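J.: coordinates only, sequence not included:
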């Protein structure tokens, strides 16, 4: 087991290939330990080189609505009037603090996603 810090794309690809080999190893085995270390190193490299930006609040709401099989009428029951939903989706109205609280409490959308500028 030769593990080193992933610094280049080539190192990253080698680590991914090796992880495929040891991925299903038992947890308390040398290969299991190697798989765990490789996973940590790969995640660190990916966070630095392939960051995933959080969606803007409107996209987060739409995504959650899709997951919950909701329509605009259902959302209006959460944040207020149906016209407000249209204004928010067309980006003519910003989310109020009360709307953000309701979306977080009732739809379980993280505050971080709802407080992002859009």
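T.: Yep, that arrived. Fair warning: this is a prediction, and the values are worked out from it, not measured in the lab. Residues are numbered from 1 along each chain as shown.

J.: contacting residues around the strand or helix carrying residue 19?
T.: Per DSSP states H and E: residue 19 is located in helix 9-22. Outside helix 9-22, the residues within contact range by C-beta atoms under 8 Å, 6 or more residues apart in numbering are 4-6, 31-32, 34-35, 38-39, 41-42, 45, 49. Heads up, the C-betas are built off the backbone N, CA and C, glycines and all.

J.: tally of neighbours for the spatially closest residue to residue 73 that is not a sequence neighbour?
T.: Using C-beta to C-beta, 6 or more residues apart in numbering and skipping the chain neighbours, the partner closest in space to residue 73 is residue 82 (6.5 Å). Residue 82 sits with 13 neighbouring residues when counted by other C-beta atoms under 10 Å.

J.: how near is residue 82 to residue 76?
T.: Between residue 82 and residue 76 the distance is 4 Å, computed by C-beta to C-beta, to the nearest Å.

J.: also residue 92?
T.: From residue 92 over to residue 76 the distance is 16 Å, taken as C-beta to C-beta.

J.: so those two - more neighbours on which side?
T.: More crowded of residue 92 and residue 76, by other C-beta under 10 Å: residue 76, with 15 against 9.

J.: what's the distance between the more buried one and residue 83?
T.: Distance, residue 76 to residue 83, by C-beta to C-beta: 8 Å.

J.: ditto for residue 108
T.: Where residue 83 is concerned, residue 108 sits at a distance of 25 Å (C-beta to C-beta).

J.: next: residue 55.
T.: Taking C-beta to C-beta, one finds residue 55 at 24 Å from residue 83.

J.: these two: which is more packed in?
T.: Using other C-beta under 10 Å as the criterion, residue 55 and residue 83 rank with residue 55 on top: 14 against 10.
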